[in-house]
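**Student:** Dropping a prediction and its sequence here:
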Amino acid sequence: LDELEIEQPEWKELSSTPEAIAFANSVGYPVLVRPSYVLSGAAMAVATNDNELIKVLQRAVEISSEHPTVISKFLVNAKELEFDGVAKNGEIICSAISEHVENAGVHSGDATLVLPPQRTYLETMRQIRKNSAAIVKQLKINGPFNIQYIAQGNVVRVIECNLRASRSFPFVSKTLKHNFIETAAKVIAG
């Protein structure tokens, strides 16, 4: 993302409480704490001060003590959007942008999606398409992928990119009447 000059929320991978507190104070609260290697947002939480951060980190360590914890700046009143797609040799061949009904901070596995987006600026969607194409090309993606974005106004940042079919693939396939899974299987099969 840095090479492509694509924004993301400020984040850091940390392995000690003093490091976490120093980072949170440098970027400003609130921060999102996400333990590494846990499924469905387990132990993921937002902290708004040092005391909350310490409590959240204690829970995170119980779940994943062997792995560092990622802490990122939590953007308040931001919208989360998902870009689902299938690529062939670094070129997008089908895609969809869906919007979370809830503001960012609700784990995507628990969020309600709308397709097409209803409360998203056209410029925001243009940036998402442009950034997604650049990411897919840079990573030479071949198969299904999902890129999660966060937007405040028309400022768009990447949360994460998953090289797999997401839980929203069946939803976008039915809505758009185009089977993304079938397309992905054909790409992977060659």
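**Tutor:** Sure, I can see it. Numbers count the residues shown, from 1 in each chain.
**Student:** List of residues touching stretch 177-190?
**Tutor:** The contact list for stretch 177-190, computed with Cβ atoms under 8 Å, 6 or more residues apart in numbering, reads 84-88, 93-94, 96, 142-144, 165, 169-170, 172-173. Backbone N, C-alpha and C define where each C-beta goes, glycine included.
**Student:** Quick check: mean pLDDT of that stretch?
**Tutor:** For stretch 177-190, mean pLDDT is 95.
**Student:** and that stretch, how far from the chain's centre?
**Tutor:** Counting by Cα atoms, centre = their mean, to the nearest Å, stretch 177-190 is centred 23 Å from the centre of its parent chain.
**Student:** Paired strands for the longest strand along the chain, with orientation please.
**Tutor:** When the chain is parsed with DSSP state E, its longest strand is strand 91-103. Strand pairing for strand 91-103, determined by DSSP bridges: strand 79-88 (antiparallel), strand 113-114 (antiparallel).
**Student:** what does it contact?
**Tutor:** Under the contact criterion Cβ under 8 Å, 6+ apart, strand 91-103 has outside partners 77-87, 106, 108, 111-120, 125, 128-129, 132-133, 136-137, 168, 171-172, 175-176, 178, 180, 183, 187.
**Student:** which ones among the residues you listed are found in helices?
**Tutor:** Taking DSSP state H as the definition of helices, the contacts of strand 91-103 contribute 125, 128-129, 132-133, 136-137, 171-172, 175-176, 180, 183, 187.
**Student:** which among the residues you listed end up buried?
**Tutor:** With burial judged by 16 or more other Cβ atoms under 10 Å, the buried subset of the ones in helices among the contacts of strand 91-103 is 125, 128, 132-133, 136, 171-172, 180, 183, 187.
**Student:** Identify the residue with the minimum pLDDT among the residues you listed.
**Tutor:** residue 171 (91).
**Student:** can you tell me how far it sits from residue 96?
**Tutor:** 9 Å (Cβ to Cβ, to the nearest Å).
**Student:** same check, this time on residue 174
**Tutor:** 11 Å.
**Student:** Compare neighbour counts for those two and give me the winner.
**Tutor:** residue 96 (21 against 12; other Cβ atoms under 10 Å).
**Student:** Excluding sequence neighbours, find me the nearest residue to the more buried one.
**Tutor:** Computed as Cβ to Cβ, 6 or more residues apart in numbering, the closest residue to residue 96 that is not its neighbour in sequence is residue 172, at 4.0 Å.
**Student:** looking at it, residue 1 is touching residue 132, isn't it?
**Tutor:** No: with contacts counted by Cβ atoms under 8 Å, residue 1 stays clear of residue 132, the gap being 11.9 Å.
**Student:** export the strands paired with strand 91-103 to CSV and tack on distance to residue 158?
**Tutor:** Shown next, in CSV, are the strands paired with strand 91-103 (distance: least, Cβ to Cβ, whole Å):
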stretch, distance to residue 158
strand 79-88, 10
strand 113-114, 18
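**Student:** Any idea which of those strands has the lowest pLDDT on average?
**Tutor:** Sorting the strands paired with strand 91-103 by mean pLDDT places strand 113-114 lowest, at a mean of 89.
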